[in-house]
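Undergrad: How does the following fold in three dimensions:
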Amino acid sequence: MASYTKISTRNWKAIVSLGYDYNGKRIRKTKQGFKSKKEAEIWVNDICSKHNEGFISTSDSNILLKDFIEKWFNEYKINTGSIGTRNNYKSRINTHIIPQLGHLRLNQLTNIDVQNFYNNLINSGQKPSSAKKIIEALSNCLRYAQKNKLIYSLPTDIIRIPVEKPKIKFWTKDEVDYYLSEIKNTSLYTPIFIALLTGLRIGELCGLRWESIDFNNNTLTVDHQVINNKLDNTIIFTDRLKTSASYRKIILPQVLISHLKDIKGNAAESDFILLNSKGTMCNPRNLSMQFSKSIAKYSTKNESKSCNNYKPLTKITFHALRHTHATLLISNGENIKVVSQRLGHKSITETLDTYTHIVEDMNINTANLLDSMF
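TA: Okay, here's the model as predicted:
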């Protein structure tokens, strides 16, 4: 039931009754400032429609965004995803979302608020890709609120700067052979060799133990990783991986099996395959930095190099060894589904999107194959 009152010219007031809450308290909504009775009736119809669909303004929906997003994170998000993903969410919430939007009520957050928030991120120097991740964190929280009937619509449908997908870097087979020959007798050889022949993420690589390897069936089981906890600057060994698809078995080539047998020695099954200089669990960040430092002297031309076989390498990150593994397989005709499974991707689509450049090059090979056939 609704009532309308004309307060003055072009100023109407509407009161709508929505029944009673669980405590027997009458639920009423009041608003004024409508320019006409028809405008007030539209508002009442919208309120009634939302109410009938289960959306109702309560103390929960009137909560500050700051309090709701912390509640959402601590009671829901903290139980989903990898530790690294959760830490990234926490950082985006505390650094950006709460300082700029936390004072607003959950049920009063509008598209304009979120658009201004996004614009401020960009104007303050955030890359479009970083701003996108911050908005995604906010959007995921608000979807949870919408699913629980605390808000009617998502205010995150805003105009954003298109994010250009970065071109991935990788090594050719010649570059791989050259670098491996240069580091043959160093501590970097084993982690680089394993990464190139398995496509493991660096955290998964550091989390490998000897019990992960089945020498009878030439398989590697990926079910743990080591991560850098940014919140307290520690490293954690965990069985929680990036996604469910990250848990996988990888068939190992005989050349890698032979290398692993050679270096195993008297290591216990539970021991880590990769160790730091102190003989303890390897830190992914330190390994990445060690790799970057190592290739720096090979990544640019240097006139002082007297070695005849010196060749400048493409400057890549440790993660690009994963790209190199996938690129070499795809370009040599391996089935894209097999590559996707080895990488632990959620779908073949993710693999195709990442390695579009190789798939396009293979189209040329397909044309040549047809020429040879006909």
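
Undergrad: From here on, just use CA atoms for contacts and neighbour counts.
TA: Noted.

Undergrad: show me where pLDDT drops low in the stretch 101-250 of the chain?
TA: Of all residues in the stretch 101-250 of the chain, none has pLDDT under 70.

Undergrad: Which parts of it are strands?
TA: 213-214, 219-222, 225-229, 234-238, 248-251 (DSSP state E, counting those that start in this stretch).

Undergrad: Out of the ones you listed, which gets nearest to Lys66?
TA: strand 225-229 (23.6 Å; Cα to Cα).

Undergrad: and the closest one, which residues are buried?
TA: Gln225, Val226, Ile227, Asn228 (16 or more other Cα atoms under 10 Å).

Undergrad: so who does the last one touch?
TA: Counting by Cα atoms under 8 Å, 6 or more residues apart in numbering, Asn228 touches Gly84, Thr234, Ile235, Ile236, Asn283, Pro284, Arg285.

Undergrad: which one of the residues you listed sits closest to Met373?
TA: Pro284 (48.3 Å).

Undergrad: Surely the closest one and Gln225 touch.
TA: No. Counting by Cα atoms under 8 Å, Gln225 is not a contact partner of Pro284; they are 9.6 Å apart.

Undergrad: shared neighbours of those two, anything?
TA: Gly203, Cys206.

Undergrad: So what touches the longest helix that the chain contains?
TA: Across the chain, the helix with the greatest residue count (assigned by DSSP state H) is helix 128-147. Contacts to helix 128-147, defined as Cα under 8 Å, 6+ apart, come from residues 69, 72, 89, 92-93, 96-97, 118, 121-122, 151-154, 156, 160-163.

Undergrad: mind running it again at 6 Å?
TA: Arg92, Val163 (Cα atoms under 6 Å, 6 or more residues apart in numbering).

Undergrad: Any buried residues in that helix, and which?
TA: So, applying 16+ other Cα under 10 Å, buried residues of helix 128-147: 128, 131-132, 134-135, 137-143, 145-146.

Undergrad: Okay, and the most centrally placed residue in the chain sits in which element?
TA: Note on the chain: the residue nearest the mean C-alpha position is Thr85, at 6.5 Å, using Cα atoms, centre = their mean. Thr85 belongs to helix 83-92 when elements are defined using DSSP states H and E.

Undergrad: between that helix and strand 234-238, how big is the angle?
TA: 140 degrees (axes from the mean of the first three to the mean of the last three Cα atoms, to 10 degrees).

Undergrad: Any idea how far stretch 335-346 is from the middle of the chain?
TA: 18 Å (Cα atoms, centre = their mean, to the nearest Å).

Undergrad: Equivalent analysis for stretch 249-263, please.
TA: 30 Å.

Undergrad: Extract the CA atoms of that stretch and return them as CSV.
TA: C-alpha atoms of stretch 249-263 as CSV (Å, rounded to 0.1, in the frame of the first residue of the first chain):
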residue,chain,number,x,y,z
LYS,A,249,50.2,-35.0,-13.5
ILE,A,250,52.8,-34.3,-16.1
ILE,A,251,54.6,-36.9,-18.2
LEU,A,252,58.3,-36.2,-18.0
PRO,A,253,60.8,-36.7,-20.9
GLN,A,254,63.5,-39.3,-20.4
VAL,A,255,66.2,-36.7,-20.5
LEU,A,256,64.7,-35.0,-17.4
ILE,A,257,64.2,-38.3,-15.6
SER,A,258,67.8,-39.1,-16.2
HIS,A,259,68.9,-35.7,-14.8
LEU,A,260,66.7,-36.1,-11.7
LYS,A,261,68.1,-39.6,-11.0
ASP,A,262,71.6,-38.2,-11.3
ILE,A,263,71.1,-35.5,-8.7
